[in-house]
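J.: Got a sequence here, can you model it:
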Amino acid sequence: MGVTELIISTATLGVIFSLLAGQPLLIIGFSGPLLVFEEAFYKVTSQRTGLGLFCQAHDFEYLTGRVWIGFWLIFIVLVIVAAEGSFLVRYISPFTQEIFAFLISLIFIYETFSKLIKVFKEHPLMTVYPSDSTLDVDGPVLNRPNTALLSLVLMMGTFFVAFFLRKFRNSRFLGGKARRIIGDFGIPISILLSVLVDISIPDTYTQKLNVPSGFSVTSPDKRGWLISPFGDKQPFPTWMMGASVVPALLVFILIFMETQITSCNDQTELSEPPRRSGGMSIVMTDVLRHIPLAVLFGIFLYMGVTSLTGIQLYERITLMVTPAKHHPDHIYVTKVRTWRMNMFTIIQLACIVALWVVKSTVASLAFPFILIMTVPLRRLVLSRIFEERELQALDCDEDSPNFDEDGRDEYNEIHMLNPVPPASPPDRSTQNRVTHWMNRPSAPFHPEIRRFNILWILLSL
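T.: Numbers count the residues shown, from 1 in each chain. Sure thing, here's the model as predicted:
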């Protein structure tokens, strides 16, 4: 799916959802976990070995298979909704939430440097360069070492400026309102400064954001607007129409965990009335074409790093290398012995390593299944290793988000999956916490998150 197809399909389904679902403020779009699955599914249908070779031998087309996954996903969602299956979220504890959120942060950070390494491979640095300016080279010159260096500067510059402005929000400089405005616009400011730096160096090539002109498919020579469920270039196997229910079930697991876990988090009312804004990117395509991809790398790195600070698992990892006398006064520190707390953290890290290994192998399609297996691991295995009071201290949300003198610091909750809710009473039982969660109203993701997710999809394409 190209850029235009993604925008039109998202807009169309968003309008339909707003009219029929009763939640017009909810934003529909791709997210990080779905991108992981899409990449895994595409690799399975395109690689020349293993399962990919099997799919190609049986005329398994990626887009046609994705259509049937969508059909089965609709059926599965209707069945779960009719059976009121959302109650299953009570079995998902912060143990799984933290693993999920930490893994997504790692994916953002890893993919950022992976893209940068690709730039260095395409434009490698050399110890010796030809000095003969009259040398006639046939074909395009691929080695542009300044491109790699400038991409590194733009990426790290964007990251550090955005990170500094985020910290500036809670500093002692200027007034509270001025600091809040600068902090809220920290990411746009960092993008603007990096674009100006890139424009000021016209002699060095940098790859820009690819924004097509007009509404047309990305590859008109390969496909049109509509994808036939019976196959495009050759008939789609009948048995694969039914077998698509398996990947559809895996997609449902990701969607269920992403939406239902978010609905369990504390939500606050908007401090200001909503305003009708947005849509400027439609008429600013010429401006967007000047944004280097390296700048987007810096934004994704910023998202991954800042998201880690709101995850309790990350805090416990830092405590593993911190002397006990410097440990903060948190419930999971004061109520649990240090070695038991470290054991709980190591188990979560082992789950993350297992998920990363599965994600990086040919079995990457099983990623959602391995993720959901952390739920019975927490309820059946860890309950035999740790005492109930220890689990109540370790497997709960205690810390509150930071507030400045004039309002909420939204960037402390930038992670799309696990914004840190306010503190819960330490003596609350598991059942009371579940009831408290289930009675909380759901709310849409932060709009900034969806914008970055769309940019991530465009970059991956």
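
J.: So which elements touch the host helix or strand of K177?
T.: Secondary structure assigned from DSSP states H and E places K177 in helix 176-184. Counting contacts by 3 or more C-beta pairs under 8 Å, 6 or more residues apart in numbering; DSSP states H and E, helix 176-184 packs against helix 145-168, strand 403-404. In short, each C-beta sits where N, CA and C put it, glycine included.

J.: among the ones you listed, which is the most enclosed?
T.: Mean neighbour count, computed with mean count of other C-beta atoms under 10 Å, is highest for helix 145-168 among the helices and strands packed on helix 176-184, reaching a mean of 19.

J.: So for it, mean pLDDT?
T.: Averaging the model's pLDDT scores along helix 145-168 yields 84.

J.: Output it as CSV, restricted to C-alpha atoms.
T.: Taking only C-alpha atoms (Å, rounded to 0.1, in the frame of the first residue of the first chain), the coordinates of helix 145-168 have been written out as CSV:
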residue,chain,number,x,y,z
PRO,A,145,30.0,10.1,1.8
ASN,A,146,28.8,13.6,2.9
THR,A,147,25.2,12.2,2.6
ALA,A,148,25.8,9.7,5.4
LEU,A,149,27.5,12.3,7.6
LEU,A,150,24.9,14.9,7.1
SER,A,151,22.1,12.3,7.7
LEU,A,152,23.8,11.5,11.0
VAL,A,153,24.0,15.2,12.0
LEU,A,154,20.4,15.8,11.0
MET,A,155,19.1,12.8,12.9
MET,A,156,21.0,13.5,16.1
GLY,A,157,20.4,17.2,15.9
THR,A,158,16.6,16.7,15.6
PHE,A,159,16.7,14.3,18.5
PHE,A,160,18.7,16.5,20.9
VAL,A,161,16.8,19.7,20.1
ALA,A,162,13.4,18.0,20.6
PHE,A,163,14.7,16.3,23.8
PHE,A,164,16.1,19.6,25.1
LEU,A,165,12.9,21.5,24.5
ARG,A,166,11.0,18.7,26.3
LYS,A,167,13.2,19.2,29.3
PHE,A,168,12.9,22.9,29.0
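
J.: returning to that earlier point: average pLDDT across the helix holding K177?
T.: This predicted structure assigns helix 176-184 an average pLDDT of 79.

J.: Now the element after that helix, going C-ward?
T.: On the C-terminal side of helix 176-184, the closest following helix or strand by DSSP H and E is helix 186-199.

J.: So in this protein, where's the weakest helix or strand by average pLDDT?
T.: Sorting the helices and strands of the chain by mean pLDDT, DSSP states H and E puts strand 403-404 at the bottom, at a mean of 40.

J.: Give me the buried stretch members for the longest helix belonging to the chain, please.
T.: Counting by DSSP state H, the longest helix found in the chain is helix 94-122. By neighbour count on 16 or more other C-beta atoms under 10 Å, the buried set for helix 94-122 is 94-109, 111-112, 115-116, 119.

J.: same check, this time on stretch 241-258
T.: Neighbour-count burial for stretch 241-258 flags 241, 244, 247-248, 250-258 (criterion: 16+ other C-beta under 10 Å).

J.: pLDDT averaged over that stretch - what is it?
T.: For stretch 241-258, the per-residue pLDDT averages 80.

J.: C-alpha coordinates for that stretch, PDB please?
T.: Output for stretch 241-258, consisting of C-alpha atoms alone and laid out as PDB, is shown next (Å, rounded to 0.1, in the frame of the first residue of the first chain):
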ATOM      1  CA  MET A 241      -9.100 -18.100   1.600                       C
ATOM      2  CA  GLY A 242     -10.000 -20.200   4.700                       C
ATOM      3  CA  ALA A 243      -6.400 -20.500   6.000                       C
ATOM      4  CA  SER A 244      -6.200 -16.700   6.200                       C
ATOM      5  CA  VAL A 245      -8.200 -16.900   9.400                       C
ATOM      6  CA  VAL A 246      -4.900 -17.800  11.300                       C
ATOM      7  CA  PRO A 247      -3.100 -14.500  10.500                       C
ATOM      8  CA  ALA A 248      -6.400 -12.700  11.000                       C
ATOM      9  CA  LEU A 249      -6.600 -14.100  14.500                       C
ATOM     10  CA  LEU A 250      -3.000 -12.900  15.200                       C
ATOM     11  CA  VAL A 251      -3.900  -9.400  14.000                       C
ATOM     12  CA  PHE A 252      -7.000  -9.400  16.200                       C
ATOM     13  CA  ILE A 253      -4.800 -10.200  19.200                       C
ATOM     14  CA  LEU A 254      -2.600  -7.100  18.500                       C
ATOM     15  CA  ILE A 255      -5.700  -4.900  18.000                       C
ATOM     16  CA  PHE A 256      -7.400  -6.200  21.100                       C
ATOM     17  CA  MET A 257      -4.400  -5.600  23.300                       C
ATOM     18  CA  GLU A 258      -3.700  -2.200  21.900                       C
END
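
J.: No further questions, thank you.
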